[in-house]
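Undergrad: Using only what follows, build the 3D model:
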Amino acid sequence: MSSAPTPTDPTPADSDETPAFADLGLRPELLGALAALGYEEPTPIQREAIPPLLAGRDLLGQAATGTGKTAAFALPLLHRMPEERTGGDPVSLVLVPTRELAVQVSEAFHRYGKDLGARVLPIYGGQPIGRQLRALDAGVDVVVATPGRALDHIARGTLRLGALATVVLDEADEMLDMGFAEDIEAILEHAPARRQTVLFSATMPARIDGLARQHLTDPVRIQIERERTVAGEAPRVRQSAYIVARAHKPAALGRVLDVESPTAAIVFCRSREEVDRLTETMNGRGYRAEALHGGMSQEQRDRVMGRLRAGTADLLVATDVAARGLDVEQLTHVVNYDVPSAPESYVHRIGRVGRAGREGVAITLAEPREHRMLKTIERVTGQRMTVDKIPTVADLRTRRLELTQAALRESLLEDDLEPFRAIVESLTDEFDMMEVALAAVKLAHEATLPGSADEEEIPQVAVRPPRETRPGYDRRGDGRARPGGTTQVFIGLGRRAGVRPQDLVGAITGETRVGGRDIGSIEIADRFSLVEVPSALADEVIRGLRGSTIKGRKATVRMDRDGGGGDGRRERPVDAARRDRR
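TA: Numbers count the residues shown, from 1 in each chain. Purely as a prediction, here's the structure:
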């Protein structure tokens with residue numbers, strides 16, 4: 001393996017300069033595509049990952065979104081693709097957690113491999129399966145798939161893995177958190193034993209390390225921290241939080257956005273219902289807001305993303321499951337409308353901004369009872385989160401005047417103002433020049449005021465750490481839930497409907513603020529299932545599941561009549577062993 005350049009080797013041209021893509025030994029067609037896209041030099045993850053991947057090594061990489069990891073594995077896969085394909089079965093399989101990420105990664109492969117004639121197919125739920133069947137039958141080189149739909153095609157015999165040379169697990173921690181562990185294991189069992197396996201993850205919990213030990217052979221290990229900067233720049237994401245009572249959160253969000261003035265922002269909510277309500281509220285405050293959640297068709301999601309990228313929308317309100325993997329260049333701000341239930345979710349959310357060396361801003365609106373959860377995120381991420389006071393009316397007025405001044409300054413420097421000279425000269429015959437300028441500034445200021453121009457103070461909340469680390473669900477040091485901590489929820493679908501534990505975990509975590517680690521025992525019978533969830537969030541789980549589908553079907557969802565509901569008859573400690581196996 002000595003012939004492959006290592007990440008610390010000097011470049012052939014100049015050891016003091018960052019190597020160019022040409023120095024990595026990529027095919028001319030790929031270099032031409034990169035040049036056409038305006039990519040000048042590889043990012044750290046690309047510099048370190050591409051050489052060993054070109055050499056055929058297995059790789060375990062820890063890298064957050066926004067570090068360029070898609071190109072880090074896509075370029076080597078395309079480089080190693082045979083020039084003359086004799087069969088129609090894929091040579092590369094990329095597994096991703098969500099349909100949005102499948103589309104995004106597939107588009108990246110198309111952009112990089114267009115001059116190679118690469119045939120790339122995204123496979124995910126929500127898309128007509130007939131179209132996927134026809135494409136697979138015609139022959140593909142690269143398949144980018146969500147685990148569930150990939151396994152479905154394998155079972156049908158329409159996705160054949162015998163020719164696979166490389167398997168990539170992208171955002172592996174997300175796939176495990178969404179309950180895809182069994183699907184991934186089944187897919188890898190169908191893949192050839194002699195293959196290249198690549199695993200990328202933003203975090204490295206024990207489960208990821210175990211997966212790597214089982215399926216990767218002598219892997220190259222790479223770790224790229226989010227805090228690493230480009231050419232000595234400052235950290236790319238400024239993180240802050242505001243403590244605000246729930247009743248005042250919509251107003252606080254508008255106030256913060258007014259002061260921050262983002263180019264475009266994404267606001268994360270816990271449920272579809274909250275997304276829809278907040279989108280309507282923010283549109284009423286004068287923002288161009290769009291909703292994005294799992295209850296929308298893929299066509300609706302594509303239209304929303306098109307409006308955001310085109311600049312006709314500047315505020316995206318979304319659930320985690322809908323927004324994972326999104327890459328929108330003009331995004332400058334991420335707002336957590338609620339504190340994420342797991343630090344890993346926070347890491348993935350803030351990964352939407354601060355990309356490619358640009359500065360981003362991450363803002364969290366926390367209720368008083370959620371304050372300690374901020375400390376948990378700080379401890380896990382190793383990053384400090386500044387707790388600020390909500391901007392006052394005076395702060396807002398000052399900020400608006402600053403924006404007006406900046407706009408006028410830009411106009412004075414760049415605009416052709418000559419057509420307006422006659423108006424000014426005629427007015428100065430009657431009024432003092434300063435009075436004319438003041439009137440013009442007043443009109444300009446009023447014309448640019450946001451629609452949310454409220455003048456009511458938002459009450460500041462005194463921060464006092466609560467006793468509970470989670471609302472109604474406090475773990476003791478021994479890992480046991482307090483009395484009344486969990487409740488069983490009845491779901492009217494079971495084995496006959498093909499329901500698996502990961503289907504239930506994915507549905508709950510995708511539609512509510514319950515994290516995968518909060519879900520207790522899962523019992524699946526022929527016609528129904530029972531899932532143990534935190535008691536304080538049971539109603540939210542029921543509402544979320546009633547508004548969604550499981551395995552494409554609506555289900556009856558209610559409290560289990562044989563337990564839960566407050567008397568503690570069926571409420572028991574979380575079965576950690578079963579949870580960990582999932």
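
Undergrad: Which elements pack onto the longest helix along the chain?
TA: Determined from DSSP state H, the single longest helix within the chain is helix 393-414. Here helix 393-414 touches helix 249-260, helix 433-447, going by 3 or more Cβ pairs under 8 Å, 6 or more residues apart in numbering; DSSP states H and E. For the C-beta atoms, the positions are set from N, CA and C on the backbone; glycine is no exception.

Undergrad: Mean neighbour count, these: which tops it?
TA: Most buried of the helices and strands packed on helix 393-414 by mean neighbour count (mean count of other Cβ atoms under 10 Å) is helix 249-260; its value is a mean of 21.

Undergrad: That helix vs helix 393-414, what angle?
TA: Counting by axes from the mean of the first three to the mean of the last three Cα atoms, to 10 degrees, helix 249-260 points 40 degrees away from the direction of helix 393-414.

Undergrad: which residues sit against helix 249-260?
TA: 242, 244, 265, 267, 278, 281-282, 285, 287, 315, 333, 335, 337, 361, 363, 365, 367, 390-391, 395-396, 399-400, 450, 452-454, 456, 458 (Cβ atoms under 8 Å, 6 or more residues apart in numbering).

Undergrad: Buried ones only from these, please, as a ChimeraX command.
TA: Applying 16 or more other Cβ atoms under 10 Å to the contacts of helix 249-260 leaves a buried subset, and the ChimeraX line that selects it is:
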select :242,244,265,267,278,281,282,285,287,315,333,335,337,361,363,365,367,390,391,396,399,400,450,452,458
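
Undergrad: Restricted to helices, list the contacts of helix 249-260.
TA: Judged by DSSP H, the contacts of helix 249-260 include 278, 281, 282, 395, 396, 399, 400 as members of helices.

Undergrad: Make a markdown table from the residues you listed and add distance to residue 427 to it.
TA: Putting the ones in helices among the contacts of helix 249-260 into a markdown table (distance: Cβ to Cβ, whole Å) gives the following:
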| residue | distance to residue 427 |
| --- | --- |
| 278 | 45 |
| 281 | 41 |
| 282 | 39 |
| 395 | 33 |
| 396 | 31 |
| 399 | 29 |
| 400 | 25 |
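
Undergrad: Looking at these, spot the one nearest residue 533.
TA: Of all the ones in helices among the contacts of helix 249-260, residue 278 has the smallest distance to residue 533: 23.8 Å, by Cβ to Cβ.

Undergrad: Could you point out which residue ranges in the stretch 351-500 of the chain have low pLDDT?
TA: 354-358, 369, 372, 380, 448-455, 462-484 (pLDDT under 70).

Undergrad: got it, and the stretch 201-350 of the chain?
TA: Using pLDDT under 70, the stretch 201-350 of the chain drops low at 225-235, 321-325, 341-342, 344.

Undergrad: Show me where it has its strands.
TA: 220-224, 237-243, 265-269, 289-292, 315-319, 333-336 (DSSP state E, counting those that start in this stretch).

Undergrad: okay if I get those as TSV plus distance to residue 46?
TA: Formatted as TSV, the strands of the stretch 201-350 of the chain follow (distance: least, Cβ to Cβ, whole Å):
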stretch	distance to residue 46
strand 220-224	10
strand 237-243	20
strand 265-269	25
strand 289-292	29
strand 315-319	28
strand 333-336	24
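
Undergrad: Can you read off the pLDDT for the closest residue to residue 20 other than its chain neighbours?
TA: Excluding the flanking residues, the one nearest residue 20 by Cβ to Cβ, 6 or more residues apart in numbering is residue 41, at 5.6 Å. Residue 41 carries a pLDDT value of 77.

Undergrad: Neighbours of residue 41, how many?
TA: 14 (other Cβ atoms under 10 Å).

Undergrad: Mind telling me what element it is part of?
TA: Assessed by DSSP states H and E, residue 41 sits outside every helix and strand.

Undergrad: what's the spacing between it and residue 555?
TA: Note on residue 41: its distance to residue 555, by Cβ to Cβ, to the nearest Å, is 51 Å.

Undergrad: do the same with residue 426
TA: Taken as Cβ to Cβ, the span from residue 426 to residue 555 is 73 Å.

Undergrad: Settle it for me: which of the two has more neighbours?
TA: Shown here are residue 426 and residue 555; by other Cβ under 10 Å, residue 555 has more neighbours (21 against 11).

Undergrad: wait, isn't the more buried one in contact with residue 489?
TA: No - using Cβ atoms under 8 Å, residue 555 makes no contact with residue 489, being 10.7 Å away.

Undergrad: any residues in contact with both of the two?
TA: Common neighbours of residue 555 and residue 489 (Cβ under 8 Å, 6+ apart) are residue 545.

Undergrad: Neighbours of residue 163, how many?
TA: 16.

Undergrad: pLDDT wise, what is it at?
TA: Residue 163 is given a pLDDT of 93.

Undergrad: so is it in a helix, a strand, or just coil?
TA: Taking DSSP: H, G, I helix; E, B strand; the rest coil as the rule, one finds residue 163 in the coil state.

Undergrad: list the contacts for it?
TA: Contacts of residue 163 (Cβ under 8 Å, 6+ apart): 87, 89, 90, 91.

Undergrad: And it, how far from residue 170?
TA: From residue 163 to residue 170 the distance is 20 Å (Cβ to Cβ).

Undergrad: same thing with residue 237?
TA: 21 Å.

Undergrad: Which one's more surrounded, these two?
TA: More crowded of residue 237 and residue 170, by other Cβ under 10 Å: residue 170, with 25 against 21.

Undergrad: Please name the residues that touch the more buried one.
TA: Per Cβ under 8 Å, 6+ apart, neighbours of residue 170: 69, 70, 73, 94, 95, 96, 101, 105, 200.

Undergrad: Phi first, then psi, for residue 550.
TA: phi -120, psi 120 (degrees, to the nearest 10).

Undergrad: The nearest residue to it once chain neighbours are set aside: neighbour count?
TA: Closest residue to residue 550 apart from its sequence neighbours, by Cβ to Cβ, 6+ apart: residue 507 at 5.1 Å. Neighbourhood size, residue 507 [other Cβ under 10 Å]: 26.

Undergrad: ok so, going back, what would the contacts of residue 170 look like in TSV with neighbour count?
TA: Putting the contacts of residue 170 into TSV (neighbours: other Cβ atoms under 10 Å) gives the following:
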residue	neighbour count
69	26
70	25
73	28
94	27
95	26
96	29
101	24
105	25
200	27
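
Undergrad: What about those residues, which are in helices?
TA: 69, 70, 73, 101, 105.

Undergrad: Which parts of the stretch 51-200 of the chain are strands?
TA: Taking DSSP E, counting those that start in this stretch, the strands of the stretch 51-200 of the chain run over residues 59-63, 92-95, 120-123, 142-145, 166-169, 196-201.

Undergrad: elements contacting the third one?
TA: Secondary structure elements in contact with strand 120-123, counted by 3+ Cβ pairs under 8 Å, 6+ apart, are helix 99-113, helix 129-138, strand 142-145, helix 147-156.

Undergrad: what's the most buried one of these?
TA: strand 142-145 (a mean of 27).
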